[in-house]
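Enquirer: let me see the structure of the following:
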Amino acid sequence: MKILITGGAGFLGQELVASLAKVRSNQIYILDSFLHGSGLNNKLPKRKNVHPAVVGNVRNYYDFFRVIDRYKPDVIVHLAAFITRPESVDNFRACSEINYVGMANLLDACSIVKPRPSKIIFASSEAAREPLSHHGISKRASEDLLHLIAPLMGIEATSMRFSEIYGLSKSFSSNSMVNFLTDTMLLGSDVALYNVNKERDMVHISDAVKACELVINTDVKGLGRLDIGTGVGVPVKNVASAVKEATGFQGQLKFLEDPCIMVVDSVADTVPAKELLGFECEADFEEELAAMVKKRKRALK
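Expert: Numbers count the residues shown, from 1 in each chain. Purely as a prediction, here's the structure:
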């Protein structure tokens, strides 16, 4: 199977590429801007079925067209995105260009290339369910465009609404609260968190990769928009307290309320993914947090 992964050098992309490459019959192609550092290219798996990454920006239609036209992928996994929600408030134009215009460019390129891919898998977000930020709006709009246009071209479309992904990757370019808190506390910096009674659903990166692979390989049609998470909500203050204990943090941890910061409870509906794909998260939060703290402690020395 020929698989194109946009954002393949990123946080989730690195781990997905490594896992897919274990199947020798897979041919993996990568499109990435390397905005988080060109060194990420050197961290990609050195396997014969992982082809040299193509440097390109999803905002540029031609970058999409040339890689799709050249490799004729069977499946496209669209991970490339503007991922940092706090920044999206000040950089709403970049957010919409990377997320929504990027999706439009992808679909436009697919409409011209023959043969077309059989499947497009979009890494969406829980924020698309009830958008309260430009990030969420751009993700929801991208979903809507994908599910409107792809079927008209005979392409199977799936949007994977990931809960907050945490964990270790060869690329640490993650906006996960757990990853952020781990590094911040290990460095000894004070932490202030807002609206900490809201619940978050934490999905480990290994489970996110497993979910992606199931969608890539399934013959089930009409998956639509799938929540990917544990189905268990954890208050933000509990997450912070767990990281504090795991890191041995001695600094200040402030819990604040701010009505101007729009935060909602976000817990995945796990039933569709389980019924359609047999998917369930398996990683244990405390075990994975301990492993991450141990490795990040060494890396930050």
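Enquirer: and Val101, how many neighbours?
Expert: Residues near Val101, counting by other Cβ atoms under 10 Å, number 18. Using the backbone N, CA and C atoms, a C-beta is placed for each residue, glycine as well.
Enquirer: who are the neighbours in contact with it?
Expert: Val58, Arg59 (Cβ atoms under 8 Å, 6 or more residues apart in numbering).
Enquirer: Three-state assignment for it, please.
Expert: Reduced to three states with DSSP: H, G, I helix; E, B strand; the rest coil, the structure at Val101 is helix.
Enquirer: shaky segments in the stretch 151-300 of the chain?
Expert: 172-173, 258-263 (pLDDT under 70).
Enquirer: tell me where it has strands.
Expert: Along the stretch 151-300 of the chain, counting by DSSP state E, counting those that start in this stretch, strands occupy 156-162, 164-166, 191-194, 199-200, 202-204, 224-228, 234-235, 253-256.
Enquirer: would you reformat the ones you listed as CSV and include distance to Glu15?
Expert: Formatted as CSV, these follow (distance: least, Cβ to Cβ, whole Å):
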stretch, distance to Glu15
strand 156-162, 13
strand 164-166, 10
strand 191-194, 27
strand 199-200, 21
strand 202-204, 10
strand 224-228, 14
strand 234-235, 22
strand 253-256, 29
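Enquirer: turn these into JSON lines, including mean neighbour count.
Expert: Shown next, in JSON lines, are the strands of the stretch 151-300 of the chain (neighbours: other Cβ atoms under 10 Å):
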{"stretch": "strand 156-162", "mean neighbour count": "23"}
{"stretch": "strand 164-166", "mean neighbour count": "25"}
{"stretch": "strand 191-194", "mean neighbour count": "14"}
{"stretch": "strand 199-200", "mean neighbour count": "20"}
{"stretch": "strand 202-204", "mean neighbour count": "24"}
{"stretch": "strand 224-228", "mean neighbour count": "21"}
{"stretch": "strand 234-235", "mean neighbour count": "15"}
{"stretch": "strand 253-256", "mean neighbour count": "14"}
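Enquirer: what's the burial count for the residue nearest to Glu156 when sequence neighbours are not counted?
Expert: Of all residues not flanking Glu156 in the chain, Lys119 sits nearest, at 4.5 Å (Cβ to Cβ, 6 or more residues apart in numbering). By other Cβ under 10 Å, the residues close to Lys119 number 22.
Enquirer: any idea how many residues pack against Ile155?
Expert: Neighbour tally, Ile155, other Cβ under 10 Å: 19.
Enquirer: revised request: answer the last question for Tyr62.
Expert: 12.
Enquirer: now the strand or helix carrying it: buried residues?
Expert: Taking DSSP states H and E as the criterion, the element that holds Tyr62 is helix 61-71. Within helix 61-71, the residues that count as buried by 16 or more other Cβ atoms under 10 Å are Asp63, Phe64, Phe65, Val67, Ile68, Tyr71.
Enquirer: quick one: which two of these are the most distant?
Expert: By the measure Cβ to Cβ, Asp63 and Tyr71 form the most distant pair in those, at 13.0 Å.
Enquirer: dump the buried residues of helix 61-71 into CSV; add distance to Ile216 and pLDDT as well.
Expert: Output for the buried residues of helix 61-71, formatted as CSV (distance: Cβ to Cβ, whole Å; pLDDT from 0 to 100):
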residue, distance to Ile216, pLDDT
Asp63, 23, 94
Phe64, 19, 93
Phe65, 22, 96
Val67, 18, 97
Ile68, 17, 97
Tyr71, 16, 97
